[in-house]
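Participant: below is the sequence, then the predicted model.
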Amino acid sequence: MLTRTLARWTLAGLLLLGAAPPASARLNRILIDTTTNVVIGGVNYTQQVGRLFGDLDPADPHNTVIQDLGLAGLDADRKVPYAATVTILAPQAGATGVMLYQVSNRGGQGLPNAGTIEPGATYVWTGWQGDLLARNCITDYPCNDLYAGPYQPAGGNPVHVLQVPVAHNPDGSQITGPVYGSVLNTSGSTAQLVIYTNPVPYRPATLDTTKATLWSVTHQTIDGQETGRVDIPSDQWAWADCRTTPFPGTPDPTRLCLKNGFDSSLLYQIVFSARDPLVVGIGFAATRDAVSFLRDAGTDDFGHANPLAGRVNKTIAMGTSQSGNFLRSMVYYGFNQTETNGKVFDAIWPHIAGRQIWMNSRFALPDVIQMLYMAADEAPVWWADYADTARGRAPDGLLHSCTATGTCPKVIETYGAVEFWDLKASPDHVGATATSDIPLPNDVYSYYFPGTTHGGGSASAFGGSGTPNPPATVFPTAVPNVPNSCSLPSNPNPQADQFNATLDNIVNWVVNGVAPPPSVYPRLSLGQLVVDTPAAMNFPNIPGFSLPANLVNPLLGYDFGPLFNTLTQTGIITVQPPRIVAAYPTYVVKTNTDGNEVSGIPSVNHQAPLGTYTGWNTWAGGGRKGEICNLNGSFYPFAVTQAARVAAGDPRPSLEERYGTHAGFVCVVKLAARNALNQRFLRQSAATALVAAASGSAVLNGVTATQADNARANFYCGAAANSGL
């Protein structure tokens, strides 16, 4: 176990790294393991991959908020050591001094491409998620020791990881505590407990199944109502792998073996006593110290040069989904302040991220998404100080700590429809009380991308290589595929074009002081946030398409036990699964009679729609059948002609009734692209590609135009004549 090898870290580890003077509580060592040349869009970059080593003083006020830091093993300097991976992608010429710190999502790293890269910027990734080194391991943590040599991820493993200590009781004994997990849509004899898509990182304290509770239900609603519960006797399952050896199989603390096999129509749940909690909150401090070192330091404590010394003067952090939640919590807990009281990031950009991250309590699960029984809504999720009267709390907000120290970053947040339906975005703007809008603080800008799934669909102007996508991909008229395990076709409405323009806006803000466009997001005061019923939403009754009735993921109040601090989402969980003690209003965005949302910064595709784009989908089967399907939107195309629409009984106007002709559709795309350009939410290159894709698309091709069709098209094309596109 990690804490039992600390002596090796400080003795044999120093022999490996080279002798050095006593290190202060900060990042004190950088090792670059590989250096390669990378060409992106014809520009040469130097890519350096290596490891960072640091330590933290548990008594330093900058660190004391980290759960269990004082129970982690100390090195010879009475500090808590950690190690992380790092990747630096720096332009070989033309650097602008801007560092774009990319918060890895579940350890992943995607290099920017020619269509997305910010010219002259230096990109940096570091490991921050301390539980990833437990992934797919039956041995004690960590699977790969960063102190022993370069990190070499195997297939499917994360690229960026953080190595943290295990917490122990003050007397050195093992800490245990309850952990909840579930298995859904699984058949066969053996299953893994997963948090979203990754294995639960904690091991059972014992393989004795009488010390755990495993049960199944036939159905579970998103608000915790269950039917058909059956407790599974302890002699009918094992902590084991039975894929090759029959029950009771080969002992395996990472898998469950069910004697009679799993039924894919059921939901299985377990509460077990886990051992060895990881001090995953160190990830906040490790990120703070890595960015501070790369921006400010000349050399490390061993005399080795900082690869970016003198090359960085502005720092911007970008995080998507889970990694955006990380940024929100990093600021909330005060980690945008360095240990010398400076500022870490000049600006942060959480994208499709409406929560905090569950990373600063004992046995925390950073991989979690907002499913039932998962923490992340207890502490504030809004930026300004706001009195949470629904839960009887004093004013608090994400910027409370940094406001007191003068270390707040500039903030841009962007998000879409799934974030309201599945990730509970409405409390960000109306709180748990949900009676009025919470004003945004100065230097916080919020933009809503309506009618988009989590991260947007595939219908963007550019493909992954930065070259234009085929027209049928950008403006698809066929019904898309159904996402895995969901029941409705996937949503192709993109966010990529708005995302790339937002990158330009935040860099321009930080570097040149040019304020971003005004915030545009749904507001309660404007009647744009409503309950999730078709009547309140104004959603049409579309034949063959389910209605969005009571699907939204609710904001629930949980009781995790008396040792858990709900005000700050820290402490020790003693009740699993938690007791549901309250439910608070959670709203969605109102739609027009097409079923398309009426607020926000719409994509060009949303302004020239080919169907209804939603932020919800439903499970097709299993124990959550009919409930909201995780992180998926849906789509239902318009009829092509008026005759087809009437025959189908579809209340939404057909493509013919909207655009008249193919030329009319292209002209509406031109108008939409010009509108997006004027709002500074589209790059010129993307506008050109979108118009070209519309021209090459099959929309209304082959339809014989009527006099009314031609008149409608001529109206739009007259308006678009001066669009410049």
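Facilitator: Yep, it's here.
Participant: which residues touch the closest residue to N306 other than its chain neighbours?
Facilitator: The spatial neighbour of N306 that comes closest, neighbours along the chain excluded (C-beta to C-beta, 6 or more residues apart in numbering), is A297 at 4.7 Å. To be clear about C-beta, it is placed using only N, CA and C from the backbone, and glycine gets the same treatment. Applying C-beta atoms under 8 Å, 6 or more residues apart in numbering to A297 gives the contacts 27, 306, 309.
Participant: what's the closest of the residues you listed to Y636?
Facilitator: Taking C-beta to C-beta as the measure, Y636 lies nearest L27 of the contacts of A297, at 51.4 Å.
Participant: the closest one pairs with what?
Facilitator: Beta bridges link L27 to G54, judged by DSSP bridges.
Participant: for it, give its distance to F293.
Facilitator: 4 Å (C-beta to C-beta, to the nearest Å).
Participant: common neighbours of the two, please.
Facilitator: What both L27 and F293 touch, as defined by C-beta under 8 Å, 6+ apart, is the set 52, 300.
Participant: before we move on, back to that, separation between the residue nearest to N306 and I282?
Facilitator: Taken as C-beta to C-beta, the span from A297 to I282 is 20 Å.
Participant: ok, P307 to V103 distance?
Facilitator: From P307 over to V103 the distance is 20 Å, taken as C-beta to C-beta.
Participant: tell me which residue is most central in the protein.
Facilitator: The geometric centre of the chain, computed from its C-alpha atoms, lies nearest to S321 (C-alpha atoms, centre = their mean), at 1.3 Å.
Participant: who's in contact with it?
Facilitator: 105, 351-353, 454-455.
Participant: just flag the most distant two among those.
Facilitator: Using C-beta to C-beta, those span at most 11.6 Å, a distance reached by N105 and H454.
Participant: I figured W237 hits S216, correct?
Facilitator: No: taking contacts as C-beta atoms under 8 Å, W237 lies outside contact range of S216: 10.7 Å.
Participant: the more surrounded of N105 and H454?
Facilitator: Neighbours per residue (other C-beta atoms under 10 Å) separate N105 from H454, with H454 holding more: 24 against 20.
Participant: can you classify that one by secondary structure?
Facilitator: Put simply, H454 is coil when judged by DSSP: H, G, I helix; E, B strand; the rest coil.
Participant: wait, it sits on I352?
Facilitator: Yes: checked against C-beta under 8 Å, the pair H454 and I352 is within contact range at 5.8 Å.
Participant: any shared contact partners between the two?
Facilitator: Shared contacts of H454 and I352, defined by C-beta under 8 Å, 6+ apart, comprise 321, 416, 418-419, 423.
Participant: break the chain into its domains for me.
Facilitator: As assigned by automatic domain parsing, the chain contains the domains 1-169+276-311, 176-275.
Participant: for those domains, give me a markdown table that also has distance to N360 and mean pLDDT.
Facilitator: Output for the domains of the chain, formatted as a markdown table (distance: least, C-beta to C-beta, whole Å; pLDDT from 0 to 100):
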| stretch | distance to N360 | mean pLDDT |
| --- | --- | --- |
| domain 1-169+276-311 | 4 | 87 |
| domain 176-275 | 15 | 94 |
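Participant: for those, give me a markdown table that also has distance to F462.
Facilitator: Putting the domains of the chain into a markdown table (distance: least, C-beta to C-beta, whole Å) gives the following:
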| stretch | distance to F462 |
| --- | --- |
| domain 1-169+276-311 | 4 |
| domain 176-275 | 27 |
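Participant: and those domains: which comes nearest A379?
Facilitator: Closest of the domains of the chain to A379 is domain 1-169+276-311, at 11.5 Å (criterion: C-beta to C-beta).
Participant: what about that closest one, distance to the chain center?
Facilitator: In terms of C-alpha atoms, centre = their mean, to the nearest Å, the gap separating the centre of domain 1-169+276-311 from the centre of its chain is 21 Å.
Participant: and if you look at stretch 255-272?
Facilitator: 28 Å.
Participant: start to end distance for it?
Facilitator: 13 Å (C-alpha to C-alpha, to the nearest Å).
Participant: buried set for that stretch?
Facilitator: Burial within stretch 255-272, assessed by neighbour count using 16 or more other C-beta atoms under 10 Å, is assigned to 255-259, 262, 266-272.
Participant: now for those: which two are most distant?
Facilitator: Going by C-beta to C-beta, the pair spanning the buried residues of stretch 255-272 furthest: K259 and V271, at 19.7 Å.
Participant: contacts only, for C257.
Facilitator: Counting by C-beta under 8 Å, 6+ apart, C257 has contacts 189-190, 237-242, 247-249.
Participant: hang on, I meant L655
Facilitator: So, once contact is read as C-beta under 8 Å, 6+ apart, L655 ends up touching 477, 610, 638-641, 665, 699-700.
Participant: quick check: it vs G281, distance?
Facilitator: L655 is 53 Å from G281, by C-beta to C-beta.
Participant: D235 now?
Facilitator: Using C-beta to C-beta, D235 is found at 39 Å from G281.
Participant: more crowded one of those two?
Facilitator: Per other C-beta under 10 Å, whichever of D235 and G281 has more neighbours is G281, with 26 against 10.
Participant: if anything else comes up later, I'll come back, but that's it for now.
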